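K.L.:
Need coordinates for the below:
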Amino acid sequence: MIDPTAFIHPNALVENNEIGARTRVYAFVHILPGAVIGADCNINDLCFIEGDVVLGDRVTVKCGNYLWDGLRVEDDVFLGPNVVYTNDITPRSKRYPEKFEQIRIQKGASIGANSVLRGGITIGSYAMIGMGSVVTKNVPDHALVYGTPARLHGYVCRCGEKLTRSGRGKDLYQCPCGESYRLDGNKKIVIEKSRDDETRK
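P.N.:
Just a heads-up that it's a prediction; the model follows:
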């Protein structure tokens, strides 16, 4: 059901029942039956959401996003203005695939304005996609990618700042906020020391 604390603008067309607490849906948004929208989301003007779309909690959807079937968005994701999501790699008019390509955007990732995402990819947790990028491959956790096609240009912290190499080793990175990271043997970036650890002391 639509949570009673959710705000639905009178000029929005909402045909589904799954909208979480305190989510805000603004003018000229159209949400089809079947879509699932979490709590504390912010869906700005002029967005369209198809029925096989799932948004987690605290997702920001800026103006001009059209979310097509197969999109899976985890908690705390930022979707910038006018991002393009593709779900059919070989489209033809009046021909429909048996199953649409899925795009998965994992927790805390940010997608820059006017980016294009190819169907079938995964954007890793806390990754940062620069504006205007064309993303054709999976993006690792915490990766900073941009360009056409998008390429790796470093790593970012959970807070969004770019990480710098630590003097303690080539696979160690740090952020001004106090977080430290390392690249493990699989070239996956993981937290070495969290600022939360210092807070708990």
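K.L.:
CA only for contacts and neighbour counts going forward, please
P.N.:
OK.
K.L.:
In this structure, where is pLDDT below threshold?
P.N.:
Within the chain, the stretches with pLDDT under 70 are 168-169, 195-201.
K.L.:
go again using 50 as the cut-off
P.N.:
Applying pLDDT under 50 to the chain flags the ranges 199-201.
K.L.:
from what I can see Tyr155 touches Val139, true?
P.N.:
No - here Tyr155 lies out of contact with Val139, judged by C-alpha atoms under 8 Å, at a distance of 11.0 Å.
K.L.:
More neighbours: which of those two?
P.N.:
Tyr155 (25 against 22; other C-alpha atoms under 10 Å).
K.L.:
Now the more buried one: closest residue in space, sequence neighbours ignored.
P.N.:
Spatial nearest neighbour of Tyr155, excluding adjacent residues (C-alpha to C-alpha, 6 or more residues apart in numbering): Ala143 at 4.4 Å.
K.L.:
which ones are touching that neighbour?
P.N.:
Gly124, Tyr126, Ala127, Met128, Leu152, His153, Gly154, Tyr155, Val156 (C-alpha atoms under 8 Å, 6 or more residues apart in numbering).
K.L.:
what residues are up against Gly38?
P.N.:
So Gly38 contacts Glu18, Ile19, Gly20, Ala21, Thr23, Leu55, Gly56, Asp57, Arg58, Val59 (C-alpha under 8 Å, 6+ apart).
K.L.:
The second one - how many residues pack around it?
P.N.:
Residues contacting Ile19 under the criterion other C-alpha under 10 Å number 26.
K.L.:
Provide the count of other residues in contact range of the closest residue to Ala127 other than its chain neighbours.
P.N.:
Closest residue in space to Ala127, ignoring its immediate chain neighbours: His142 at 4.1 Å, by C-alpha to C-alpha, 6+ apart. As a burial measure, His142 scores 26 neighbours (other C-alpha under 10 Å).
K.L.:
Please, where are all the helices along this structure?
P.N.:
Ranges of helices in the chain, per DSSP state H, are 195-200.
K.L.:
In JSON lines: the contacts of Ala143, plus distance to Val14.
P.N.:
Shown next, in JSON lines, are the contacts of Ala143 (distance: C-alpha to C-alpha, whole Å):
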{"residue": "Gly124", "distance to Val14": "30"}
{"residue": "Tyr126", "distance to Val14": "30"}
{"residue": "Ala127", "distance to Val14": "30"}
{"residue": "Met128", "distance to Val14": "30"}
{"residue": "Leu152", "distance to Val14": "38"}
{"residue": "His153", "distance to Val14": "39"}
{"residue": "Gly154", "distance to Val14": "40"}
{"residue": "Tyr155", "distance to Val14": "38"}
{"residue": "Val156", "distance to Val14": "36"}
